[in-house]
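Trainee: here's a sequence, model it:
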Amino acid sequence: MTILSPILLIARGALVLALALVAIRLVRRAPAALRYTILAAALAAVLTLPLIEALVPVWHAGAMPAGTIEVALPPAQPVAEAAAPAIAHAASVAREPASSFAVPWRAIIGGLWVAGIAAMLLRVGVGALRARRIARRGLVADRAGPHAAVAWRALDGRGASPRVVVSGEVDAPIVVGAIAPTVVVPYAALAWSAERWRVVLLHEFAHVRRRDGVGNLVAQLACCLHWADPLAWLAARRLREERELAADDAVLRGGARASSYAEHLVAIATGAAHGTPAAALAMAEPRRFEARVAALLDGDRSRGPAGARRAVAVAGAVALVAAVAACVSPESAPAHAGGATTRGAPPVAAKDPALQAAAEDELDHAMTAHHASGAIAIVLDAKTGAVLAAATRGDGDARAARPPGSTMKPFTFAAALEAGVADATTRIDCENGTRSYGDKTLEDASPHGTLDLGGILAVSSNVCTAKLAEPLGDRLGEALRRYHFAAPAHVDTRSIEGASIALGAGIQASALEVAAGYTAFADGGVYHAPDGISERVMPAATARAVMTMLDRVVNDADGTGQAARIDGIRVAGKTGTAQSRGGRYYASFVGIVPADAPRFVVLVGVDGVTGAGGTVAAPVFAKIASRAAHK
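Mentor: Next up, the predicted model:
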């Protein structure tokens with residue numbers, strides 16, 4: 001479950017419960033048994049929401065045609081990369097104030113949520129043990145025998161009637177247990193009249209007959225899971241109220257007079273001085289007791305049972321609502337060119353056990369060697385986009401959106417080539433690695449003068465990439481959306497924010513999305529999604545030109561990706577280094593092997609490290625890609 005899941009889970013549960021509470025208001029003149037069924041089904045649905053979320057596809061509620069929205073851009077903090085093995089840390093970040101300590105809100109929220117669940121479960125467990133202890137220590141109520149059989153038959157009960165015991169630990173009748181319920185009555189019951197025995201047993205056996213103990217347990221567990229949602233507690237309270245009203249209706253259907261039953265109920269409630277365990281079903285709860293007596297004496301109320309067909313219909317309707325709530329996500333799905341329809345997260349299922357094992361082994365070594373917080377390795381078929389291996393370690397998540405860093409730069413280069421603002425021979429002055437945007441400064445890891453496009457990508461110059469993107473403006477966003485990245489509709493490429501998008505610091509994409517994007521370079525401009533959908537997103541000539549530049553990243557003497565080289569196999573790829581939590585970095589490398597006849601796209605990302613993509617991720621890539629290329 002992701003860190004945001006507690007908030008989403010509670011929000012989805014609140015939607016289901018709110019609709020249920022509105023529904024019982026609309027059917028307030030219907031039998032109490034129907035309202036109880038609606039609430040019980042809703043609480044069961046919110047309890048099983050995590051399972052429903054795992055089984056149903058996600059619909060991204062925020063996914064709109066990319067050309068129709070404006071996206072607020074975060075402050076740009078691009079990280080410059082040095083050629084391996086040198087790493088520049090002090091000069092790698094744009095000069096602007098940055099917090100050295102990031103509050104781990106996600107961990108705090110997740111921890112508080114889990115702690116709340118634990119406390120609530122402890123409360124439920126203690127209450128259940130107390131109730132079972134009371135039932136176990138009770139003495140069999142011999143006087144209940146004849147009355148119990150009559151009451152059970154009146155309710156169409158099958159087999160022997162439920163066990164009835166007397167106890168000095170209760171002041172009013174209760175039902176204990178969800179699976180094999182026991183009715184517990186106070187010692188005062190030994191002096192009850194036959195009529196009181198009859199109405200009490202009719203009431204309590206109605207709970208047993210409908211398995212209200214199960215409904216009570218479900219409500220308690222739902223409140224444990226959604227303890228931060230007031231609607232869960234409100235729904236559970238209303239469930240108890242409707243449960244008692246439904247049992248009262250069963251007593252009246254059993255032949256008791258309303259006025260006589262009300263007198264017995266008041267007498268029992270008056271004698272109840274102590275509270276009952278939350279796990280027990282109490283006949284005489286003081287809450288809204290006057291309204292309950294008034295309902296008994298209301299001759300116009302409908303008192304029929306819920307009915308099997310009606311109960312099934314209600315449960316089905318609530319399940320449908322829960323499924324819809326579980327599928328809807330406020331997160332935007334990847335945007336497509338021209339506002340095309342979006343699709344949910346593609347499957348991440350490994351199809352090659354050998355490659356999967358290799359990826360997992362190499363990630364284990366990387367986690368240990370670099371004291372990383374998380375790691376990701378993805379191997380795609382370059383010609384189909386099929387996921388051949390997908391491994392994660394620690395807090396690594398192949399679907400989680402994050403700034404990808406310089407692995408986004410090749411898409412900026414492709415956009416410039418397509419727009420005609422540059423060609424492979426274009427040379428740009430990198431201004432010795434420093435460029436100002438008002439009071440902010442963009443820096444490279446090392447100073448450079450005038451370079452051609454291949455040289456710029458090889459050394460991963462932030463300054464030259466930003467200058468290359470300047471003439472593009474909104475065309476940069478249009479191009480990025482064509483590669484299925486969620487780029488904003490408007491991009492001011494002459495600002496530090498626009499430059500950050502071109503550099504991969506001001507845009508977010510998942511590792512799986514980045515790896516899929518590189519299939520377009522590997523297959524002559526045809527993009528292959530892991531879900532099997534393919535489409536041409538750039539001219540073949542553009543793809544060939546960018547592949548030549550990616551080759552130089554690995555094979556030039558000053559290229560940042562030298563550590564990705566594999567003996568006897570040509571590699572093309574790009575390093576990436578993006579800011580992560582606590583002043584550390586997300587180091588990544590995306591490569592295509594063999595570069596001269598692409599078969600695989602391999603992405604490696606290692607998070608929470610102090611090194612850059614060329615020194616941390618590229619060597620891991622080389623080991624995994626070598627295993628793939630030699631298959």
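Trainee: what about the stretch 201-350 of the chain, any weak spots by pLDDT?
Mentor: Within the stretch 201-350 of the chain, the stretches with pLDDT under 70 are 272-275, 286-288, 306-312, 314-315, 318-319, 322-350.
Trainee: okay, strands next: where are they in it?
Mentor: 281-282, 328-329 (DSSP state E, counting those that start in this stretch).
Trainee: so after the last one, what's the next helix or strand?
Mentor: For strand 328-329, the following helix or strand on the C-terminal side (DSSP states H and E) is helix 353-370.
Trainee: so which elements touch that next one?
Mentor: strand 374-381, strand 387-394, strand 600-609, helix 613-629 (3 or more CB pairs under 8 Å, 6 or more residues apart in numbering; DSSP states H and E). Using the backbone N, CA and C atoms, a C-beta is placed for each residue, glycine as well.
Trainee: quick one, it and helix 613-629 angle?
Mentor: Per axes from the mean of the first three to the mean of the last three CA atoms, to 10 degrees, the angle that helix 353-370 makes with helix 613-629 is 160 degrees.
Trainee: next, the buried residues of helix 353-370.
Mentor: Going by neighbour count (16 or more other CB atoms under 10 Å), the buried part of helix 353-370 is Leu355, Gln356, Ala358, Ala359, Glu360, Glu362, Leu363, Ala366, Met367, His370.
Trainee: output it as CSV, restricted to C-alpha atoms.
Mentor: What follows is helix 353-370, C-alpha atoms only, in CSV (Å, rounded to 0.1, in the frame of the first residue of the first chain):
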residue,chain,number,x,y,z
PRO,A,353,12.5,-15.4,-14.7
ALA,A,354,16.2,-15.4,-15.4
LEU,A,355,16.3,-11.6,-16.0
GLN,A,356,14.0,-11.0,-13.0
ALA,A,357,16.4,-12.9,-10.8
ALA,A,358,19.4,-11.0,-12.2
ALA,A,359,17.7,-7.7,-11.6
GLU,A,360,16.8,-8.6,-8.1
ASP,A,361,20.3,-9.8,-7.3
GLU,A,362,21.9,-6.6,-8.7
LEU,A,363,19.5,-4.3,-6.8
ASP,A,364,20.4,-6.1,-3.5
HIS,A,365,24.1,-5.4,-4.1
ALA,A,366,23.4,-1.8,-5.0
MET,A,367,21.3,-1.2,-1.9
THR,A,368,24.1,-2.5,0.3
ALA,A,369,26.9,-0.8,-1.6
HIS,A,370,25.3,2.7,-1.6
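Trainee: quick one: contacts of it?
Mentor: Helix 353-370 is contacted from outside by 350, 372, 375-379, 388-394, 396, 604, 606, 609-611, 616-617, 620, 623-624, 627-628, 631, using CB atoms under 8 Å, 6 or more residues apart in numbering.
Trainee: likewise for stretch 618-631?
Mentor: Residues outside stretch 618-631 that contact it (CB under 8 Å, 6+ apart) are 84, 352, 354-355, 358-359, 362-363, 365-366, 377, 379, 388-389, 561-566, 569, 571, 573, 575, 589, 591, 593-594, 599-600, 602-604, 606.
Trainee: among the helices and strands packed on helix 353-370, which is the most enclosed?
Mentor: Of all the helices and strands packed on helix 353-370, strand 600-609 carries the top mean neighbour count, a mean of 29, counting by mean count of other CB atoms under 10 Å.
Trainee: what angle separates it from strand 387-394?
Mentor: Strand 600-609 and strand 387-394 meet at an angle of 10 degrees, taking the same axes, to 10 degrees as the criterion.
Trainee: I'd guessed Val140 sits against Val164; true?
Mentor: Yes. Counting by CB atoms under 8 Å, Val164 is a contact partner of Val140 at 7.4 Å.
Trainee: neighbour count winner among those two?
Mentor: A side-by-side neighbour count of Val140 and Val164, using other CB atoms under 10 Å, places Val164 first with 26 against 10.
Trainee: residues touching Ala151, list them.
Mentor: By CB under 8 Å, 6+ apart, Ala151 lies in contact with Ser161, Arg198, Leu201, Leu202, Phe205, Gly254.
Trainee: what about stretch 444-451, how long is it end to end?
Mentor: For stretch 444-451, the first-to-last residue distance is 13 Å (CA to CA, to the nearest Å).
Trainee: from Gln579, how far off is Pro488?
Mentor: 20 Å (CB to CB, to the nearest Å).
Trainee: stretch 519-533: end-to-end distance?
Mentor: Per CA to CA, stretch 519-533 runs 12 Å from first to last residue.
Trainee: what about it, distance to the chain center?
Mentor: 27 Å (CA atoms, centre = their mean, to the nearest Å).
Trainee: can you pull the buried residues of it?
Mentor: Under the neighbour-count criterion of 16+ other CB under 10 Å, stretch 519-533 has Thr519, Ala520, Phe521, Ala522, Asp523, Gly524, Gly525, Val526, Tyr527, His528, Ala529, Pro530 buried.
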